[in-house]
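Asks: take a look and give me a structure for this.
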Amino acid sequence: MARPNKIGVEYFPFDVDFFNDEKIGAISGEFGIKGELACIKLLCAIYRQGYFILWSEMLQMKLIKELPGVSATLLNEIVSRLIRWNFFDKDLFDKSGILTSKGIQRRYFEITKRREKNSVDLPYLLVSVNNNPVSAYRNTISDDINVCNNSQSKAKESKVNKKEKLSKDSKKKGGDVQLGIEIEAKKAEQANKLAAAKAATKKRKEEFYKSLIPYVERYGPEMIRSFFDYWSEMTKSETKMKFELNETWEVAKRLATWNRNNLKDEQKRINSDNGNNRSNKGCIATRTNSKDARTSLEHLGNLCDAILQQPSPDET
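Replies: Modelled structure (predicted):
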């Protein structure tokens with residue numbers, strides 16, 4: 001039984017400037033590392049099958065499994081952008097749902113140039129196969145013999161080495177991209193959790209405020225507002241309020257304690273003001289007494305001067 005012709009390839013050339021291509025750059029700018037890895041996965045799927053692939057629901061589910069953090073919606077958006085920017089041929093996709101391009105087909109037929117093929121059996125072609133200058137399957141027998149005799153061993157060895165190198169490079173690149181996607185997915189997950197925690201804290205803050213409303217009539221709005229502002233202060237992560245850090249908490253008892261402390265502070269302030277008033281009065285009295293003493297001394301001095309100025313009895 002004849003062995004069936006192989007269609008797909010085991011490896012394909014991966015340009016070192018792949019990520020510098022403006023189309024990949026645009027994908028990376030919009031979708032980040034997830035978009036880059038999706039492009040590589042799509043190319044691998046295409047070359048594994050040949051030079052084109054049908055964009056089916058089954059293929060989408062398979063790729064989603066291989067792309068953590070990428071949803072079906074996001075994957076379809078990436079493919080739509082690739083088609084819009086002519087990474088894949090738009091006409092073939094619109095007509096038949098096929099993902100391929102001239103560049104993909106040229107590279108495929110370059111890799112498989114020694115395989116027997118017939119363009120009649122090759123659908124969705126965008127390039128010429130029979131007149132392709134890189135095709136060699138129509139060479140004469142003598143040319144094939146010369147090629148086999150002169151360079152078969154070297155070509156085989158070179159092909160094996162190149163294949164191994166490409167495989168290692170692809171695995172390393174794929175591993176780095178995969179690691180990057182996992183890191184981004186973890187960051188996104190943590191950000192979502194933090195946002196959810198902040199939203200829950202905001203809701204609890206509103207509930208805490210409502211729990212104080214029944215006490216406004218008893219303690220007054222000013223005290224309730226100061227009490228709320230103090231105990232609703234957020235932690236640095238904005239996931240808890242100050243009152244939630246206490247092991248025990250009863251609103252009624254806390255309000256009563258807050259009110260007593262306010263009354264004590266107010267009494268201290270009044271006492272302090274009274275003490276200051278008494279001190280001021282004492283200072284005024286002291287200043288008055290000093291003034292009276294100076295006046296008395298001055299009067300006494302004047303009296304002494306008047307007595308001394310009077311003539312003695314002998315003089316009269």
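Asks: please count neighbours and contacts with C-alpha atoms only from this point.
Replies: Noted.
Asks: now stretch 250-263: average pLDDT?
Replies: Computed over stretch 250-263, the mean pLDDT rounds to 93.
Asks: so what's residue 197 closest to, chain neighbours aside?
Replies: Spatially, and ignoring its direct neighbours in sequence, residue 197 is nearest to residue 239 (5.6 Å; C-alpha to C-alpha, 6 or more residues apart in numbering).
Asks: helix/strand/coil for that neighbour?
Replies: The three-state label given to residue 239 by DSSP: H, G, I helix; E, B strand; the rest coil is coil.
Asks: residue 68 now?
Replies: When the structure is reduced to helix, strand and coil (three-state DSSP), residue 68 reads as coil.
Asks: from what I can see it touches residue 179, true?
Replies: No. Here residue 68 lies out of contact with residue 179, judged by C-alpha atoms under 8 Å, at a distance of 10.3 Å.
Asks: how about the closest residue to residue 51 other than its chain neighbours, what does it touch?
Replies: In space, residue 51 comes closest to residue 105 once its chain neighbours are excluded; the distance is 5.4 Å by C-alpha to C-alpha, 6+ apart. Taking C-alpha atoms under 8 Å, 6 or more residues apart in numbering as the definition of contact, the neighbours of residue 105 are 51, 52, 125, 126, 127.
Asks: quick check: pLDDT value at residue 105.
Replies: According to the prediction, residue 105 has pLDDT 92.
Asks: part of a helix, is it?
Replies: Yes. Assessed with three-state DSSP, residue 105 lies in a helix.
Asks: give me the distance between it and residue 99.
Replies: Counting by C-alpha to C-alpha, to the nearest Å, the separation of residue 105 from residue 99 is 11 Å.
Asks: I'd like to know how many residues surround the residue nearest to residue 197.
Replies: Here the number of neighbours of residue 239 (other C-alpha atoms under 10 Å) works out to 16.
Asks: how about it, phi and psi?
Replies: When quoted as degrees, to the nearest 10, the phi and psi of residue 239 stand at phi -110, psi -10.
Asks: quick one: it and residue 250, what's the gap?
Replies: From residue 239 over to residue 250 the distance is 21 Å, taken as C-alpha to C-alpha.
Asks: over to residue 226?
Replies: 17 Å.
Asks: low pLDDT regions in the stretch 51-200 of the chain?
Replies: Counting by pLDDT under 70, the stretch 51-200 of the chain contains low-confidence residues at 117-120, 130-157, 159-160, 170, 173.
Asks: which strands and helices sit next to whichever helix in the chain runs longest?
Replies: Longest among the helix segments of the chain by residue count, using DSSP state H, is helix 141-212. Taking 3 or more C-alpha pairs under 8 Å, 6 or more residues apart in numbering; DSSP states H and E as the contact definition, the neighbouring helices and strands of helix 141-212 are helix 33-49, helix 221-231.
Asks: hey, which of the ones you listed is tucked in deepest?
Replies: With neighbours taken as mean count of other C-alpha atoms under 10 Å, these reach their highest mean count in helix 33-49, at a mean of 19.
Asks: relative to helix 141-212, how tilted is that one?
Replies: Between helix 33-49 and helix 141-212, the angle comes out at 150 degrees (axes from the mean of the first three to the mean of the last three C-alpha atoms, to 10 degrees).
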